[in-house]
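*Asks:* heads up, no residue letters with this:
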C-alpha cells in the first residue's frame, strides 16, 4: 500500500464548479500535511498547509482528519487557471532530523470554459 | 534570489554513460533533496541531505550517488545510466527549524533525462 494515496482523476469540471479532492495516508507518525500544485512540466509549488482545525485561503479549503488519516482539498468557483495537478504531501521527521516529505501521485484537474 | 537552480535542463544519455546533475540553492536552507518523477508515480525520493556533511537514502536510491558539496550545493550522479532512469529529476531544499508545519520545500525547475 502506498504511504499517500490520491484519486488520480482526471477531474474535468466547468468553470464556476466546486470540486473536492481526497487523500489518505498510512503512517500515523505523520506530522504535517500540505497541498502542492504542479503545472504541466513545471516544478511543484506549495498551495497551502493543512491544519487540524481546517483552514481556508480564498476559494481553497483544506481539511485534516487525523483519526481517519484523511486530508481533503475543496476548490470553489473553479477558474481556468486552477487547471493543474494537485499533490497531497505528508511530512514526518526521519533520521538525522531531516524533514521527509512523501508525495501522493497527484490528482489532475482540468477546468473547462 | 535565484531560489533553487538545476543544471542541465535537458539531457540525453546512452546506456552506460555517466553524468552528474547539479543543484544549488541560495536561501541558506540546510536540508536538500533529490526526487524523480515518472508518469503516474508521483515524486519519489532518491536521496536527501539533512545538513551539510550528511546524506541518506530515500525510497529509490539504487543506481545513484550524491554529494553534498557545501551548504548550497547537492549533486546527483548516475554512474552507469540505464533506460529505467529516464525521468524528470527535481532538486528541492528546505529550512529545517521552528514549527514543522510552517516549513515549505522549494523545488528547482527540473532536469529531463532520457537514457537510450
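*Replies:* Yep, it's here. Predicted, not measured: the structure shown is a model, and the values here were computed from it.
*Asks:* C-alpha from now on. contacts and neighbour counts both.
*Replies:* Noted.
*Asks:* list the contacts for residue B:23?
*Replies:* B:4-7, B:73-75, B:91, B:108 (C-alpha atoms under 8 Å, 6 or more residues apart in numbering or on different chains).
*Asks:* and chain A, which of those residues contact it?
*Replies:* When C-alpha under 8 Å from any C-alpha of the partner chain is applied, the members of those adjacent to chain A are residue B:108.
*Asks:* the closest residue to residue A:59 other than its chain neighbours: how many residues sit nearby?
*Replies:* Spatial nearest neighbour of residue A:59, excluding adjacent residues (C-alpha to C-alpha, 6 or more residues apart in numbering or on different chains): residue A:76 at 5.1 Å. Using other C-alpha atoms under 10 Å in any protein chain shown, residue A:76 has 16 neighbouring residues.
*Asks:* which ones are touching residue A:76?
*Replies:* A:16-19, A:59-60.
*Asks:* my read: residue B:41 touches residue A:105, true?
*Replies:* Yes - with contact defined as C-alpha atoms under 8 Å, residue B:41 reaches residue A:105; the gap is 5.3 Å.
*Asks:* now residue A:111: how far from residue A:8?
*Replies:* For residue A:111, the distance to residue A:8 (C-alpha to C-alpha, to the nearest Å) stands at 15 Å.
*Asks:* one step back: most neighbours out of the contacts of residue B:23, which is it?
*Replies:* Going by other C-alpha under 10 Å, residue B:91 tops the contacts of residue B:23 with 31 neighbours.
*Asks:* quick one, phi psi at the nearest residue to residue B:63 once chain neighbours are set aside?
*Replies:* For residue B:63, ignoring the flanking residues on the chain, the nearest one in space by C-alpha to C-alpha, 6+ apart is residue B:78 at 6.3 Å. The phi/psi pair for residue B:78 (degrees, to the nearest 10) reads phi -110, psi 110.
*Asks:* show me what residue B:78 is bridged to.
*Replies:* Beta-bridge partners of residue B:78, counted by DSSP bridges, are residue B:19, residue B:64.
*Asks:* counting by contacts, list what the least confident helix or strand in chain A by mean pLDDT packs against.
*Replies:* Lowest mean confidence among the helices and strands of chain A (mean pLDDT, DSSP states H and E): strand A:99-103, at a mean of 80. Applying 3 or more C-alpha pairs under 8 Å, 6 or more residues apart in numbering or on different chains; DSSP states H and E, one finds that strand A:99-103 contacts strand A:84-93, strand B:42-49.
*Asks:* would you format these as TSV with mean neighbour count and mean pLDDT included?
*Replies:* As requested, these are exported to TSV (neighbours: other C-alpha atoms under 10 Å in any protein chain shown; pLDDT from 0 to 100):
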stretch	mean neighbour count	mean pLDDT
strand A:84-93	23	89
strand B:42-49	23	91
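*Asks:* so where is chain A shaky, pLDDT-wise?
*Replies:* A:93-99 (pLDDT under 70).
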